[in-house]
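Asks: model the structure of this input:
(chains A and B)
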There are 2 protein chains.
Amino acid sequence: MKFRRSERLIDMTNYLLDHPRQLVPLTFFADRYSSAKSSISEDLAIVKETFEQRGIGTLQTVPGAAGGVKFFVNVGNEEARPFVEELCELIAKPDRLLPGGYLYLTDILGDPSIVQKAGRIIATAYANAKIDVVMTVATKGIPLAYAVASQLNTPVVIVRRDSKVTEGPTVSINYVSGSAKRIQTMVLAKRSLAQGSRVLIVDDFMKAGGTVMGMISLLEEFNATVEGIAVLVEAEETEERLVDDYISLVQLMDVDVKEKTIRVQEGNYFKRRAEE
Amino acid sequence: MKFRRSERLIDMTNYLLDHPRQLVPLTFFADRYSSAKSSISEDLAIVKETFEQRGIGTLQTVPGAAGGVKFFVNVGNEEARPFVEELCELIAKPDRLLPGGYLYLTDILGDPSIVQKAGRIIATAYANAKIDVVMTVATKGIPLAYAVASQLNTPVVIVRRDSKVTEGPTVSINYVSGSAKRIQTMVLAKRSLAQGSRVLIVDDFMKAGGTVMGMISLLEEFNATVEGIAVLVEAEETEERLVDDYISLVQLMDVDVKEKTIRVQEGNYFKRRAEE
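Replies: Residues are numbered from 1 along each chain as shown, chains lettered A, B, ... in the order given. The predicted model follows:
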């Protein structure tokens, strides 16, 4: 059965979106649509052009006998910026304030479309980096970590506060939480991370960075390297920030419990991207 | 700027996949591509045909002035079955056996591509159901719950074992875990679920069903109704199963700790779908 170009383009789009950072040989598509490789190449040129124009991503062509095409997510700033602005507005609503200056973000983190879009934007910053694994800590960072990892085509590894019988042998470390200055424990299943992995740390919220520092110490136990740190929201600036090299989509500026106001601005994402 | 049909089809495919169960007015696409509504209708007919042929999903056309088009995920059995078979093989590997007969599933649950595909298959069973919210319990069910919810265009609500200061006021219940017969606690933030919500419960694993029963009692406190229960893996049959009406992708048949063998078969998903 032969496929028309229009059908090929629709199915290819779906297939490529679903297989980011995976090399797809031209012969795969040629067989799938019983079409000549030359037609497939033309199709892919159209897909590439449209993906780039619409801020969806890009296609990289790998030449040669073992070659093919790879899709990389690439959300342009013209799409990322309005999204981050909306996120800032959402977060600045005063009814998010909880006793102690904590912020209710559960509804935002519970919205898969927000999480996925944030994940795509963060993944854009690491689309070309060598990342083997995305790591997060249970539980709030989990959805964002999956959203990033699905675009980077890597597994997710989840650090826990306590060990579970269903995880087998674990490695655990103690660390000092940056803001509350309490000693806490972090646990990772031994089987879940290969020695020497290149890791992207993803979390929903960063205050002083104690949790991230804890994850970094844990990674040392696995001889793993930190290739990046990305958070959805970072707290207002603090002298005691333990981590410098990270990206954030949103930054809290000023949380005033008494006046019930929250000021918010975009995080360092766009600045960091511009420096690259 | 005018768009060629090929570009429109690629961008439409991406847009629709990204907005499941959302009514997209024809005028939205007409404006987006500076094209006549008649051309958009033709485009959508091609997209619909290809989506259905390739087992991606379907488009529903809503007629009238307030009309438009809605995408529903619909993974056909010819695609779902080989995936479930592969999953069975993966799970049947004897090195998953942990002391006490527990099964190591962390690597499977940590693979976003597996989780997303499982999520699409489960969402297929509920594509036309009225679901307001997907609910799961921390932590292992979270990724699958998001994968399902993103296809159903609903938020995710996460039940916890303990209350967190960042969630505000909570409702908690006690329940008896079905297999271990221990009294446990479940907590849900008051703000996270509206009264009267229609809920789909999603979890990674179900043994006797105690956890699911706990979630059902918790939902009663919110006057919410259970519209469905879906799990990735159900344990071998037990006389004491507390829950009947659920779907599962995989069923454990026989876990023999001494012989180090695990037998696995497909869950009731395909049977349930055939009965509909």
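Asks: for A:Cys199, what are phi and psi?
Replies: One correction, residue A:199 is Val, not Cys. Main-chain dihedrals, A:Val199, degrees, to the nearest 10: phi -120, psi 140.
Asks: and for it, the neighbour number?
Replies: A:Val199 has 24 neighbouring residues, counting by other Cβ atoms under 10 Å in any protein chain shown. For the C-beta atoms, the positions are set from N, CA and C on the backbone; glycine is no exception.
Asks: and it, bridged to which residues?
Replies: Applying DSSP bridges to A:Val199 gives these bridge partners: A:Val133, A:Val226.
Asks: test my guess that it contacts A:Thr225.
Replies: Yes - under the criterion of Cβ atoms under 8 Å, A:Val199 makes contact with A:Thr225 at 6.7 Å.
Asks: and for these two, which residues touch both?
Replies: A:Leu219 (Cβ atoms under 8 Å, 6 or more residues apart in numbering or on different chains).
Asks: quick one, helices of chain A?
Replies: A:5-18, A:26-32, A:37-53, A:77-91, A:106-109, A:112-126, A:142-152, A:210-220, A:269-275 (DSSP state H).
Asks: reformat those helices as CSV; add mean pLDDT and mean neighbour count.
Replies: Output for the helices of chain A, formatted as CSV (pLDDT from 0 to 100; neighbours: other Cβ atoms under 10 Å in any protein chain shown):
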stretch, mean pLDDT, mean neighbour count
helix A:5-18, 97, 21
helix A:26-32, 96, 16
helix A:37-53, 96, 17
helix A:77-91, 96, 16
helix A:106-109, 94, 20
helix A:112-126, 98, 24
helix A:142-152, 98, 28
helix A:210-220, 94, 20
helix A:269-275, 94, 13
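Asks: let me have these in JSON lines, adding distance to chain B as columns.
Replies: Below are the helices of chain A laid out as JSON lines (distance: least, Cβ to the nearest Cβ, whole Å):
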{"stretch": "helix A:5-18", "distance to chain B": "4"}
{"stretch": "helix A:26-32", "distance to chain B": "10"}
{"stretch": "helix A:37-53", "distance to chain B": "4"}
{"stretch": "helix A:77-91", "distance to chain B": "12"}
{"stretch": "helix A:106-109", "distance to chain B": "5"}
{"stretch": "helix A:112-126", "distance to chain B": "4"}
{"stretch": "helix A:142-152", "distance to chain B": "4"}
{"stretch": "helix A:210-220", "distance to chain B": "13"}
{"stretch": "helix A:269-275", "distance to chain B": "21"}
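Asks: so which of those is nearest B:Ile56?
Replies: helix A:5-18 (5.5 Å; Cβ to Cβ).
Asks: per-residue pLDDT, the residue nearest to A:Asn268 when sequence neighbours are not counted?
Replies: Spatial nearest neighbour of A:Asn268, excluding adjacent residues (Cβ to Cβ, 6 or more residues apart in numbering or on different chains): A:Ser248 at 5.7 Å. On the pLDDT scale, A:Ser248 is placed at 97.
Asks: look up how far chain B lies from A:Ser248.
Replies: 18 Å (Cβ to the nearest Cβ, to the nearest Å).
Asks: I'd say that residue and A:Ala235 touch.
Replies: No - A:Ser248 is not in contact with A:Ala235 according to Cβ under 8 Å; the separation is 9.6 Å.
Asks: between those two, which contacts overlap?
Replies: Counting by Cβ under 8 Å, 6+ apart, the residues touching both A:Ser248 and A:Ala235 are A:Met206.
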